[in-house]
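1. How does the following fold in three dimensions:
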Amino acid sequence: MPTSGSSSGKAARPQGKNTTAQAEEIVKALIEGPKLGQIRTIPAGTKLQGIRITDGTATLNFDNPFIEQHPGGTASEVATVYSLANTLTQNLTEIKKVRFQVGGKDVTTIKGHVRSPGTHLPEQGSREADGSRR
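-> Down below sits the predicted model:
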C-alpha cells in the first residue's frame with residue numbers, strides 16, 4: 001500500500017497492476033491523507049473519478065470538492081499540485097507530467113494562485129533536466 005505524506009513524494013509502488021491501476025491506488029492514498037500528522041495536500045472528501053494516461057501525461061479527473069473544499073493560497077495549491085505530480089512521476093516511469101480535471105473539464109488552476117498551461121511537470125530537482133531519473 002502506498003504511503004502518503006512523504007516529504008520526498010515517494011510511495012511504495014503497487015505491484016502486479018497496470019500503470020493506470022497503480023496510479024489510481026497512489027492518488028487514492030494521497031486523498032486519504034497523511035497517517036502521522038503531516039499536512040493534508042488534497043481536501044478531505046475529494047473523490048477521484050478516473051485517470052487516463054496518454055503519451056506520458058496522466059489526466060486526473062476529480063469531483064467538485066477538489067476545488068470547492070480547497071483552502072486556496074499559493075502554498076496550499078503548490079502542495080496539492082506537486083504532491084500529485086511528484087509522487088506519480090517519481091513512482092511510475094510511464095508518467096512524465098500530470099493534468100487536472102474536475103467533472104471531466106480541464107482546470108488550469110485550483111483557486112487562482114497557481115496557473116499552468118494545462119499540465120504540471122514534477123517539481124524542479126525531482127528529475128534531471130533531460131527528463132531522466134536521478
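2. Which elements pack onto the longest helix seen in the chain?
-> Ranked by residue count and defined by DSSP state H, the top helix of the chain is helix 74-91. Where contact means 3 or more C-beta pairs under 8 Å, 6 or more residues apart in numbering; DSSP states H and E, helix 74-91 is packed against helix 19-32, strand 97-102. Heads up, the C-betas are built off the backbone N, CA and C, glycines and all.
3. can you do 10 Å?
-> helix 19-32, strand 57-62, strand 97-102 (3 or more C-beta pairs under 10 Å, 6 or more residues apart in numbering; DSSP states H and E).
4. Between strand 97-102 and that helix, find me the angle.
-> 130 degrees (axes from the mean of the first three to the mean of the last three C-alpha atoms, to 10 degrees).
5. Give the buried residues for helix 74-91.
-> 76-77, 79-91 (16 or more other C-beta atoms under 10 Å).
6. cool, and stretch 93-107?
-> Buried positions in stretch 93-107, judged by neighbour count with 16+ other C-beta under 10 Å: I95, K96, K97, V98, R99, F100, Q101, V102.
7. so the first one touches T89, yeah?
-> Yes. Contact criterion C-beta atoms under 10 Å: I95 and T89 qualify, at 5.3 Å.
8. Now for those two: what residues contact both?
-> G56, A58, P122 (C-beta atoms under 10 Å, 6 or more residues apart in numbering).
9. what's near enough to touch the most centrally placed residue in the chain?
-> Geometric centre of the chain, nearest residue: L84, 1.7 Å, by C-alpha atoms, centre = their mean. Counting by C-beta under 10 Å, 6+ apart, L84 touches 9, 23, 26-27, 30-31, 41-42, 58, 60, 62, 98, 100, 120, 122.
10. How about I110?
-> Taking C-beta under 10 Å, 6+ apart as the test, what I110 contacts is 43, 66-67, 70-73, 76-78, 80-81, 100, 102.
11. ok, it to G37 distance?
-> Distance of I110 to G37, given as C-beta to C-beta, to the nearest Å: 24 Å.
12. With that, I have no additional questions.
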